[in-house]
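1. A structural model of the following input is requested.
(chains A, B and C)
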Amino acid sequence: MKKLQDFTRNPDAVSFAVLAIVLVFILPTVLEIFRLNLVGKYLTYAYVAIGLVLSWGLGGILSLGQGVFFGLGGYCLAMFLKLEASSPENTAIQSTPGIPDFMDWNQLTALPWFWEPFHSFGFTLFAVIAVPVIFALIIGVAMFKRRVGGVYFAIITQAIAAIMTILIIGQQGYTGGVNGITDLRTLHGWDIRTDEAKYFFYYLNVALLFLVLLVACWITKSKLGRILVAMREREDRVRFSGYDVSNFKIFVFCVAAAFSAIGGAMFTLQVGFMSPSFVGIVPSIEMVIFAAVGGRHSIIGVVYGTLLVNWAKTTFSESFPELWLFAMGALFIGVVMAFPNGLAGLYTSYVKPLIGSIRPLLKERARLYETPDKGGPDMLNRGTAQ
Amino acid sequence: MFQGYTAAELTSIFAMQGFAGLSLFSVFVLMALGLAIIFGQMGVINMAHGEFMILGAYVTYLTSNFFSEHLSSMFSLYFFVAMILAFIAAALLGALVEWVLIRHLYRRPLDTLLATWGLSLILQQGYRTIFGAREVGVTLPDWLMGSYAITDMIEVPVNGLFVMCLTILITIGVYLVMQKSRLGKQTRAVVQNRAMAGAVGINTEKVDRFTFALGCGIAGIAGSAFTMIGSTGPTAGQLYIVDTFLVVVFGGASNLLGTVASAFTISQAQSTMEFFLSGSMAKVLTLLTVVGILMLRPQGLFTLKIRS
Amino acid sequence: MKNYCSKERHGSMRRALIRSLVSLPLALAVSTQLMAAPATSDVNTTGLAVTDDTVTVGILHSVTGTMAISETGSVQAEKLAIDQINAMGGVLGRKIEYIQEDGASDWPTFAEKAKKLLVNDKVASVFGCWTSASRKAVLPVFEQYNGMLYYPTFYEGLEESPNVIYTGQEATQQIIAGIDWVVKNKGAKKFFLLGSDYIWPRTSNKIARKHIEKLGLEVVGEEYYPLGHTQFNSVINKIKLKKPDVLYAIVVGGSNVAFYKQLKAAGIDMTKEKPIVLTISVTEDEILGIGGENIVGAYAAMKYFQSLPNDNNKAFVKAFKEKWGKDIVIGDVTQAAYLGPWLWKAAVEKAGSFDIDKIKESSPGIELTMAPEGYVKIHPNHHLWSKTRIGRAKDDGQYAVVFETKELIEPDPFPEGYQ
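-> Just a heads-up that it's a prediction; the model follows:
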């Protein structure tokens, strides 16, 4: 009982638990597998949004190129799955069997060197994280050491997203071009398209999401998190206090990239393909908007925000296919204008005080249950007696 | 690569290529000027800038329809009327947007990005609902469509020349407005120190609205001019937004001359590379070079040292 | 097991019998046509959205985003075909109802919506997709959940799925006839290939290049620009320098508008045929944005033009304009999209069932004599036999048909020697 009370007094633990209940129990029971798979897909964007809470909400670094990292993570895994799907038996009709179909169409006769290591699952898992992080590291070092920040950083990352898209589409022999890497079927011989696999990936996705949430929570609570906030508010003072500001920025940017990459990889697994349409500017901005709607300072809030925006997008576009952009635009403007801290802000300014006012009442009742001479234990006893 | 061509052919090609670079330059300047004012002077990241351009393009389309139906004798002159109307329409919408949205967000520049992104979604869907999802074709007066043949090989497109002249005029106009006029001086005063500007009696709210409307109006003119060389559709505005921001940032956001200089550099680099490489790679290389330079020498191009 | 099955079948037949008995007086009263409708349990054994008097299909195109420009015509054509089929009494006595979904020009959204249509709505067939990328994204969905897709766009080939009927031309049908024509009739020797940078233009130009080289002729340049690119002055200069006889252009979307306007402004007069501009990507729909005066004189190789003089087409154009407005234009893909519902109806009626597997089987060999483009027939590889025509752009935005292949061209999505 005591432990439970400690637990309920810790707001983070409660919101973690609520989210866990929603994701692990409620949604899988309420939704059929098709909708659940959609939720799983939306949750992969939540990884990006959590990364944005750290870099943008906490550190004040707004990246408009998070899609690049999402895409790199997704592509790394897609390359592995594509190689598995393009076994010489499956691709016997090609002029060069054993290489992915799009390479064959583009007259490649051998697997490019950088595809070779992706035959190994171990290397792929490593690459899913490492490739985006190294890329983020390069960008981070180049920019933050030169004290590029704020709006300039946002625009440069946007340009990087544009470059990546053009490159991926243009080098279609190596990347699958605008179609992306499609028709992924098995993981170690296990069909990833079955309902059973979808359930498995959903739970795996939720588990990884909580892992990411815990890491993010730890970062926000740690000294590092406080330095980031200090940096966001008054960068010069932090610098004068002897901290190397740029290293913290680089670190948090890399962490955000890693999160996005995990999301991308989970996306590939659940949706069964990866395409350059996640790397570009539009998806990158959309992901920022998920974070904004959820509340840029709240790691739990952005998960709800991502789910809400995507749910709204799906619903609006199913019921009003020709008008849904109006609703989406209005939602973004509304959130920015009226609720700058997003859903999480709404919660803290409206719901929390409400709970606060109820809490004494609850406490009162809890006290009633605890004292032996009142009805509480009686009822418990009766319960056990029967 | 140049074997088998005569010297005369090569000279004329280089002349043509130089001209191609110049017309790309004027396109970049037109795109970027409005944004340079809004972003450079006010710090507002207007993601709907492309949609303001397309508004100008649609106004041009409407004007051309009106002239061909009711004033067909004056059709050859409609383009000038269209540009003025495009400026007015975009500026009015800009003033409205500033009043409804932007003025609440001056303290949060990154949030202007999100809000204007939402605005751009709404505008796109608005165009789609009003004008249909298909592209509209703007009929140009004949005198704008021809080309002057200087030699057999060298032909100068009239609309390219027109865009260039327009660019020069607008650049000079903007420069004069910002440097010499009362409103321009007030704008710069507000940018430098809002509180002090307010204290000496400048109506800062009015100045903000004027600046934003001016930037949007120029975008409207740009859109009007682009009907000559590009497409007019609900989503066409998005094609321009990355290039536009890069030009502005590369040039040093607070400096209009910097914008012109950067437009010149980028356009020349791109058109030269386009000639020697394939189109896609030229674009990638140009963007990479710009980003690379921005990473390596930001201090050389704009002041980024944080002094708060 | 066998017993169980037959029992189930027996039960369902009895139910169907009772149902038809009950509905008999009603059916007599309403229309004699309804009587012809076979029992739902017989024509729908896999749980598709088929009731006694309706059948639901899906329409899946982008009505928002950058592709909405192109896909609008397809949506209109499919709706028109569905209306006309309904006016004729529907399919197997059932009225067609449709659920329209927006792919939003985004490939994953296409996959998501395709899955929704198949899994949630159990639609009997889907008419949709436009870009290859969207088709590639939905293809695994259609194969996994066994749906039927009628895909209208001319495309690069290299694909043959039992779950897709390709109602547009694959690349060889469109390209080889066009190049043969320009070589034979115009004596073209030097070609310049230009395209937007993605799979369809690249694959098409690859086939074009192979064919040109087979004929012993020369390709003097090949260039690609990113989708949405709007500055073509440099490549126009290159074209002027290389002086090709034919400029083979596969530019798409908004880039098209910029390209042709700049080509004209640079003093290349397409009516003088120096060079000849031959395109496979500009339909009447695109000319609407480009402006007829900017592309007059260019040639296009495709299977359908709005100006085709046959009676089928006249009726089709009339009906289309009555439904969607007198100023509307109809391009190649729009016509191919219009074929989709008709081909599906024919396949369902031939199979006597809405079951996907039976439609797959019955589709090859299906003929349409009422097609606006003339006569079409489904090949065993699920593409259409069709003629290829050359049209020359006029300044009113229409094409004048200047050539038509004598025979239907066999679709060959995996052409030997062109890969």
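2. distance of residue A:248 relative to chain C?
-> Applying C-beta to the nearest C-beta, to the nearest Å, the value for residue A:248 to chain C is 35 Å. Where C-beta positions appear, they are placed from N, C-alpha and C, glycine not excepted.
3. you'd agree that residue is in a helix?
-> Yes: when DSSP: H, G, I helix; E, B strand; the rest coil is applied, residue A:248 is found to be in a helix.
4. residues contacting it?
-> A:59, A:224, A:227-228, A:231 (C-beta atoms under 8 Å, 6 or more residues apart in numbering or on different chains).
5. let's go with 7 Å and repeat that
-> A:224, A:227-228, A:231 (C-beta atoms under 7 Å, 6 or more residues apart in numbering or on different chains).
6. sort out for me which of those residues are in strands.
-> Taking DSSP state E as the definition of strands, the contacts of residue A:248 contribute nothing to them.
7. dump those to JSON lines, plus pLDDT, distance to residue C:122 and neighbour count.
-> JSON lines is the format used below for those (pLDDT from 0 to 100; distance: C-beta to C-beta, whole Å; neighbours: other C-beta atoms under 10 Å in any protein chain shown):
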{"residue": "A:224", "pLDDT": "87", "distance to residue C:122": "52", "neighbour count": "18"}
{"residue": "A:227", "pLDDT": "88", "distance to residue C:122": "56", "neighbour count": "18"}
{"residue": "A:228", "pLDDT": "87", "distance to residue C:122": "51", "neighbour count": "26"}
{"residue": "A:231", "pLDDT": "86", "distance to residue C:122": "55", "neighbour count": "24"}
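8. which positions in chain C make contact with chain B?
-> Within reach of chain B by C-beta under 7 Å from any C-beta of the partner chain, chain C has these residues: C:63-66, C:68-69, C:72, C:197, C:223-226, C:228-231, C:233-235, C:237-238, C:240-241, C:254, C:257-258, C:261-262, C:264-267, C:285, C:288-291.
9. which ones among these also lie next to chain A?
-> Checked against chain A using C-beta under 7 Å from any C-beta, those give the following subset in range: C:63-64, C:197, C:226.
10. please name whichever of those residues scores lowest on pLDDT.
-> In terms of pLDDT, the weakest of these is residue C:64, which scores 78.
11. what does it show for phi and psi?
-> Note on residue C:64: its backbone torsions stand at phi -130, psi 170 [degrees, to the nearest 10].
12. contact partners for it?
-> When the contact criterion is C-beta under 7 Å, 6+ apart, the partners of residue C:64 are A:325, B:125, C:102, C:104-105.
13. can you tell me, leaving aside adjacent residues, what's nearest to residue B:175?
-> Counting by C-beta to C-beta, 6 or more residues apart in numbering or on different chains, residue B:256 is the residue found nearest to residue B:175 once chain neighbours are left out, at 6.3 Å.
14. tell me who's in contact with the one you found.
-> Counting by C-beta under 7 Å, 6+ apart, the residues that residue B:256 touches are B:36, B:174-175, B:178.
15. what ranges does the chain have for its strands?
-> With no chain named, the answer covers chain A. A:186-187, A:190-191.
16. ah, I was thinking of chain B
-> B:147-149, B:155-157.
17. in chain B, what residue lies closest to chain A?
-> Of all residues in chain B, the one sitting closest to chain A is residue B:118 (3.1 Å; C-beta to the nearest C-beta).
18. hmm, that residue is touching residue A:337, no?
-> No: if you go by C-beta atoms under 7 Å, residue B:118 and residue A:337 don't touch, sitting 9.4 Å apart.
19. higher neighbour count, the two?
-> In terms of neighbours (other C-beta atoms under 10 Å in any protein chain shown), residue B:118 is the more surrounded of residue B:118 and residue A:337; the figures are 25 against 16.
20. sec struct for the residue nearest to residue C:330 when sequence neighbours are not counted, please.
-> Once its chain neighbours are removed from consideration, residue C:330 has its nearest residue in residue C:306; the separation is 4.6 Å (C-beta to C-beta, 6+ apart). Three-state secondary structure (criterion: three-state DSSP) places residue C:306 in coil.
21. one step back: grab the nearest non-local neighbour of the residue of chain B closest to chain A.
-> Closest residue in space to residue B:118, ignoring its immediate chain neighbours: residue A:332 at 3.1 Å, by C-beta to C-beta, 6+ apart.
22. contacts only, for the one you found.
-> For residue A:332, the residues meeting the contact criterion (C-beta under 7 Å, 6+ apart) are A:289, B:114-115, B:117-118.
23. dihedrals phi and psi, residue C:110?
-> phi -60, psi -50.
24. can you give me the domain boundaries for the chain?
-> By default, I'm working from chain A. A:1-30, A:37-340, A:345-386 (automatic domain parsing).
25. wrong chain, I was asking about chain C
-> By the assignment in automatic domain parsing, chain C contains the domains C:1-36, C:46-169+C:317-385, C:171-302+C:388-404.
26. tell me, which of those is the model least confident about?
-> Across the domains of chain C, the stretch with the lowest average pLDDT is domain C:1-36; it has a mean of 44.
27. low-confidence ranges, the chain, go.
-> Went with chain A since none was named. Low-confidence segments of chain A (pLDDT under 70): A:1-9, A:321-322, A:359-386.
28. right idea, wrong chain: chain B
-> Within chain B, the set of residues satisfying pLDDT under 70 comprises B:1-5, B:152-153, B:253-254, B:297-308.
29. can you list the residues of it near chain A?
-> When proximity is defined by C-beta under 7 Å from any C-beta, chain B lies next to chain A at B:45, B:101, B:104, B:108-111, B:113-115, B:117-119, B:121-122, B:124-125, B:242, B:245-246, B:249, B:280, B:283-284, B:287-288, B:291, B:294-295, B:298, B:304-306, B:308.
30. how much space between the spatially closest residue to residue C:369 that is not a sequence neighbour and residue A:11?
-> Once flanking residues are discounted, residue C:369 sits nearest to residue C:375: 5.7 Å by C-beta to C-beta, 6+ apart. According to C-beta to C-beta, to the nearest Å, residue C:375 stands 72 Å off from residue A:11.
31. neighbour count winner among those two?
-> With other C-beta under 10 Å as the criterion, residue C:375 and residue A:11 differ in neighbour count, and residue C:375 comes out ahead with 15 against 12.
32. surely the more buried one is within a strand?
-> Yes: counting by three-state DSSP, residue C:375 is found in a strand.
33. which stretches of the stretch 201-350 of chain C form helices?
-> With DSSP state H, counting those that start in this stretch as the criterion, the stretch 201-350 of chain C has helices at C:233-242, C:254-265, C:284-290, C:292-295, C:311-324, C:332-351.
34. now those helices in JSON lines, with mean neighbour count and distance to residue C:47?
-> Converted to JSON lines, the helices of the stretch 201-350 of chain C look like this (neighbours: other C-beta atoms under 10 Å in any protein chain shown; distance: least, C-beta to C-beta, whole Å):
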{"stretch": "helix C:233-242", "mean neighbour count": "22", "distance to residue C:47": "54"}
{"stretch": "helix C:254-265", "mean neighbour count": "26", "distance to residue C:47": "43"}
{"stretch": "helix C:284-290", "mean neighbour count": "25", "distance to residue C:47": "38"}
{"stretch": "helix C:292-295", "mean neighbour count": "21", "distance to residue C:47": "49"}
{"stretch": "helix C:311-324", "mean neighbour count": "15", "distance to residue C:47": "33"}
{"stretch": "helix C:332-351", "mean neighbour count": "25", "distance to residue C:47": "16"}
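35. any idea which of those gets closest to residue C:370?
-> Judged by C-beta to C-beta, the one of the helices of the stretch 201-350 of chain C that comes nearest to residue C:370 is helix C:311-324, at 5.4 Å.
36. that closest one near chain A at all?
-> No: counting by C-beta under 7 Å from any C-beta, chain A is not contacted by helix C:311-324; separation bottoms out at 14.8 Å.
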